[in-house]
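# Kindly generate the corresponding structure for this input.
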Amino acid sequence: MSLLFLQLFNGISLSSILLLIALGLAITFGLMNVINMAHGEFIMIGAYMAYTIQQLFQKFMPASAFGWYFVISLGVAFTVAFGIGWLLEATLIRFLYGRPLDSLLATWGVSLVLQQLARQIFGAPNVAVKAPEWLDGGWAITADLMLPYKRLFIIGLVIVCITVIYIYQYHTRGGRNMQAVMQNRSMASCLGISTRRVDAQAFAFGSGMAGIAGCALTLLGPIGPTIGTYYIVDAFMVVVLGGIGKIIGTVAGALGIGVLNTAFEYTTSATIGKVIVFTLIIAFLQWKPSGLVTIKSRALD
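This next block holds a predicted model:
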């Protein structure tokens, strides 16, 4: 029983990581129809922000304050990734709307540039980020079952992020404008909504969410310039499986992929498990191409 619960927890933990990465991508892809291959590099930016803040705390802050560095890193990671995302949207992405293949090639080039820039600044080898002491250890439920505090923290962080996005999307004017543009861009523009501003804010916000995801990934292992490339394919699978534009669809997609991946890896191997999950996703999309959840619209396409 303990082993079964541990496997379920591992699946939920993997789902939370995929969901944290895919949240920003779902907003960007769903609103602007831009295939952002540089999303993984915003994850990398967030991870290196955590490393940078850690180094600053170790050099300039007393040892008693070191535990606070990670909380500050989350805010810094979001802010820096948000700013770089806004700059990228203003200088490049805005010219690629409605051109998904061009956006794929352009953002892939941006990802290579950002990776090389990270190598120049931080070096090519992976670096380690030390977790604060309050995240060491785990919650011992039984003698044979312990849930690591790091993964519990990531799950809690995902819940907070989903709550914030839900409140913004459904209970603020900016969020309702975003939904209007996502459902019918032409009609939203006719009603006076600045689609240009909504696009910029959405892309920057999605980039900021990727920065938070990168900061959280530092709790699980070393980071390097290519950390984002390990997760970008899985993030796109979550978005496509869940359906474009709905938070609940992204949550369901991440939960399904994470739990199934963990289950198949446990019964077979990591490689075969991923192949099986990928095959199941392809088969499901053949049956339901729009994904698990879709936006209901009165637009006549």
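# which helix is the longest one in the chain?
Ranked by number of residues, the top helix in the chain under DSSP state H is helix 2-32.
# Are there helices or strands packed against that helix, and which ones?
helix 39-60, strand 145-148, helix 149-171, helix 173-183, helix 195-217, helix 232-242, helix 247-267 (3 or more CB pairs under 8 Å, 6 or more residues apart in numbering; DSSP states H and E). Backbone N, C-alpha and C define where each C-beta goes, glycine included.
# pLDDT on stretch 12-29, on average?
Confidence for stretch 12-29, expressed as mean pLDDT, is 83.
# and if you look at stretch 292-301?
57.
# how about the residue nearest to Thr262 when sequence neighbours are not counted, what does it touch?
Closest residue to Thr262 apart from its sequence neighbours, by CB to CB, 6 or more residues apart in numbering: Gly11 at 3.8 Å. Contact analysis of Gly11 by CB atoms under 8 Å, 6 or more residues apart in numbering lists Gly258, Val259, Leu260, Asn261, Thr262, Ala263.
# how near is Gly11 to Phe5?
Gly11 sits 11 Å away from Phe5, going by CB to CB, to the nearest Å.
# Okay, now the unreliable bits of the stretch 201-301 of the chain?
Residues of the stretch 201-301 of the chain meeting the criterion pLDDT under 70: 244-246, 293-301.
# Over to Val34. Which of the three states is it?
coil (DSSP: H, G, I helix; E, B strand; the rest coil).
# Burial check on it, number of neighbours?
27 (other CB atoms under 10 Å).
# Next: Leu285.
Other residues within reach of Leu285, judged by other CB under 10 Å, total 14.
# Then Ile212?
By other CB under 10 Å, 28 other residues sit near Ile212.
# Okay, the residue nearest to Thr262 and Ile155: tell me how far apart.
Gly11 is 12 Å from Ile155, where distance means CB to CB.
# and if you look at Arg197?
Distance, Arg197 to Ile155, using CB to CB: 34 Å.
# ditto for Thr142
For Thr142, the distance to Ile155 - CB to CB - is 19 Å.
# pretty sure Pro289 belongs to a helix, no?
No: counting by three-state DSSP, Pro289 is not part of a helix but coil.
# Tell me how many other residues crowd it.
Pro289: 10 neighbours (other CB under 10 Å).
# For the spatially most central residue of the chain, which residues are in contact?
Nearest to the mean C-alpha position of the chain, by CA atoms, centre = their mean, lies Ile21 at 1.4 Å. Contact analysis of Ile21 by CB under 8 Å, 6+ apart lists His39, Ile43, Ala210, Ala213, Tyr231, Asp234, Ala235, Val238.
# Mind doing that once more with 6 Å?
With contact taken as CB atoms under 6 Å, 6 or more residues apart in numbering, Ile21 is in contact with Ala213, Tyr231, Ala235.
# Hmm, the first one is touching Leu20, no?
Yes: assessed by CB atoms under 6 Å, Ala213 is found in contact with Leu20 at 4.3 Å.
# quick one, which of these two is more surrounded?
Ala213 (34 against 27).
# Okay, the more buried one and Ile227: tell me how far apart.
Distance from Ala213 to Ile227, counting by CB to CB: 10 Å.
# Quick check: neighbours shared by those two?
Overlap of the contact sets of Ala213 and Ile227 (by CB under 6 Å, 6+ apart) is empty.
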